[in-house]
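Asks: coordinates only, sequence not included:
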């Protein structure tokens, strides 16, 4: 249930989020109060029927600029929605309902599936998803914790 603004937790302009129903343990999301809806980068989107309901099967590459891991997910389609991109292009996208977890809190959000290859983030968390749940500090990042980074590989010592 949404809370009063003075008791809401604060997040930064980018955060690691968890999408448990989709099997995505963490994905870096841009928090965008200028975007109405939320979007997830999806590959190989395939609509199909399960009983009388429409479903969607898709692949997610949760780590930017990496081809692995590939996560295969399925969800019931809430609706097919016309979405206008920041460039003004309108596309029809499958929209699903799924759970998001941020800062040890969880709630259901609507998420459109789209190709975000040209975008800097695999996920966009829009204002409808955060309204009543979180406040945004646009000057900070990762209130939920710093991203894990592997140490750079060092070449083996030379044996001259």
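Replies: Received it, and whenever you're ready, just let me know what you need. The structure displayed is predicted, hence computed values, not measured ones. Residues are numbered from 1 along each chain as shown.
Asks: what residues are up against the residue nearest in space to the middle of the chain?
Replies: Centroid-nearest residue in the chain: residue 123, 3.2 Å away (criterion: C-alpha atoms, centre = their mean). Counting by C-beta atoms under 8 Å, 6 or more residues apart in numbering, residue 123 makes contact with 17, 27, 28, 29, 30, 38, 39, 40, 41, 116. From N, CA and C alone the C-beta is placed, and that goes for glycine too.
Asks: mind checking the SS state of the third one?
Replies: By that I understand residue 28. Following DSSP: H, G, I helix; E, B strand; the rest coil, we place residue 28 in the strand state.
Asks: that one contacts residue 66, doesn't it?
Replies: No - the criterion here is C-beta atoms under 8 Å, and residue 28 misses it with residue 66 at 11.6 Å.
Asks: which one's more surrounded, these two?
Replies: Neighbour totals were compared for residue 28 and residue 66, and residue 28 leads with 18 against 9 (other C-beta atoms under 10 Å).
Asks: bridged to that one, which residues?
Replies: Taking DSSP bridges as the rule, residue 28 bridges to residue 16.
Asks: check the gap between it and residue 143 for me.
Replies: Residue 28 sits 13 Å away from residue 143, going by C-beta to C-beta, to the nearest Å.
Asks: with residue 137 instead?
Replies: Distance from residue 137 to residue 143, by C-beta to C-beta: 7 Å.
Asks: same deal with residue 31?
Replies: The value you get for residue 31 to residue 143, if C-beta to C-beta is used, is 10 Å.
Asks: ok, now residue 46?
Replies: Distance of residue 46 to residue 143, computed by C-beta to C-beta: 36 Å.
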